[in-house]
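J.: The following comprises the amino acid sequence and a computationally predicted model.
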Amino acid sequence: MTGSTDVHAVAASRLAIRPMRHADLDGGVLAIERESYPIPWSRRMIEGELARPGGICLVAEYEDAVMGYILVALQVDVWHVLNVTVHPLHRGRQIGEALVRSAIAVGGRRANGGFTLEVRVSNDRAIRLYERLGFVSHGVRPRYYSDNGEDALIMWLLPDGEADG
């Protein structure tokens, strides 16, 4: 499981990014979710995303251990990044970046409206990652997060050739 892998050995270049399977829920996804959030997604919520036609559900795996995952839903012609989570012990190792890049590569061919997401205004590391990948800020959702009422920054990655203003 995720705790058995040497934290210092995880390198993004050795990750395998693959479609999430139901077995991954008990094989790391639910544990990572519980360790990462004060109000974690339930099994049923994640299973709902796995069952959603056309969605993108990927895991980052290193030596057969799930290190992180991403859930993305196609809503009309826009991809909505619902959840990007990396095991707390493995953050800062480009795993989240690898997941987002992979989702963009998969989804970019199937939507005209680009990608959108919400991120906590206090999550500087994630905001910097999204900006590095081309996402731009397009407003704030006040009191978006139910655990503490924190605002969410709305970010967009527009299709190639479209203005971001």
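T.: Ah, there it is.
J.: hmm, who's touching stretch 141-149?
T.: Outside stretch 141-149, the residues that touch it by CB atoms under 8 Å, 6 or more residues apart in numbering are 37-39, 118, 120, 150-152, 154. C-beta here means a position set from N, CA and C on the backbone, and glycine is covered the same way.
J.: which residues of this structure score low on pLDDT?
T.: Judged by pLDDT under 70, the chain has its weakly predicted residues at 1-13, 109, 111, 160-165.
J.: at 80 what do you get?
T.: Across the chain, residues meeting the criterion (pLDDT under 80) sit at 1-14, 109-112, 160-165.
J.: Could I get the full set of strands for it?
T.: Along the chain, the segments classed as strands by DSSP state E run 16-19, 56-62, 65-75, 78-86, 115-120, 136-141, 152-157.
J.: on that earlier part again, right, and the pair among the contacts of stretch 141-149 with maximum separation?
T.: When the contacts of stretch 141-149 are compared pair by pair using CB to CB, the two farthest from each other are Pro38 and Ile154, 21.6 Å apart.
J.: Of those two, which one has the most company?
T.: Remark: of Pro38 and Ile154, Ile154 carries more neighbours, 17 against 9, as counted by other CB atoms under 10 Å.
J.: Pairing partners for that one in the sheet, please.
T.: On the basis of DSSP bridges, Ile154 takes part in beta bridges with Glu118.
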